[in-house]
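*Asks:* turn this into a model:
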Amino acid sequence: MADRDPSFTVGQHLHKRNMKHRANYAHHTQYAQRALHENSTFRARLEHILHIRSAVPAVLAAAALSASLLAASPASAAARHQSGLHLGYIQYDSPGRDTRTNSSLNAEWVNIHNNSGSAIQLKGYKLKDNTGYTYTFGSYKIGAGKTVKVRTGKGTNASGVRYWGRGSYVWNNTSDKARLIKPSGSLKDSCSWTTADNGYKNCH
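*Replies:* Okay, the predicted model is just below:
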């Protein structure tokens, strides 16, 4: 067997060690890069999750606000109901044909509502249209939260209803204006309508 060349063996050994170190360095570099990438991905996911979690209260708050606004809408509509004594519903066009019978006349009426916390004496109050037809209340006390209906035709006055006693209609079907006038002569409330109201007007 021939003798080995020591210089060759050492050079070859050093070359192998160098190659091995390079391989190890490359391996660790790839591992470090992969770890850095995974860490960046993890951080990005974590930031995304935290962003969602931080956004949830704002979304819930907005939803709660929307719900509260929707719930408040009917209350707001109810809040527009007039306070104190005022005109309520008005059936200015008697349903059916205008036959001028007493029953047809009495199907034409005006409600007056007391939306206050105490009774009100209506003596001297007047109900008037554009033409000047006028109904004047005698002694009648309307309770708190109560309504009195003034019918155009004839009948017997009772609690909650008064009769104008007319033989013809009062309220114009195409356009008119009801006025509630205080005993002093000042206007308490008014309500007008046109044909677009289809015979019935809510004046609350």
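
*Asks:* show me the helices in this structure, by range?
*Replies:* 6-79, 102-106 (DSSP state H).

*Asks:* mean pLDDT lowest for which of these?
*Replies:* For the helices of the chain, mean pLDDT drops lowest on helix 6-79, to a mean of 54.

*Asks:* these two touch, right, Glu183 and Tyr125?
*Replies:* Wrong residue type there; residue 183 is Pro, not Glu. Yes - applying CB atoms under 8 Å as the test, Pro183 and Tyr125 come out as touching, 6.3 Å apart. Using the backbone N, CA and C atoms, a C-beta is placed for each residue, glycine as well.

*Asks:* who's more crowded, these two?
*Replies:* Tyr125 (20 against 14; other CB atoms under 10 Å).

*Asks:* quick one: contacts for the nearest residue to the more buried one once chain neighbours are set aside?
*Replies:* Distance criterion CB to CB, 6 or more residues apart in numbering; nearest residue to Tyr125, sequence neighbours excluded, is Phe137 at 4.6 Å. Applying CB atoms under 8 Å, 6 or more residues apart in numbering to Phe137 gives the contacts 122-127, 162.

*Asks:* recalculate using a threshold of 10 Å.
*Replies:* Phe137 sits next to 112, 121-127, 148, 150, 162, 180, 183 when contact means CB atoms under 10 Å, 6 or more residues apart in numbering.

*Asks:* scan these and report the most crowded one.
*Replies:* Ile112 leads the contacts of Phe137 on contacts (other CB under 10 Å) with 28 neighbours.
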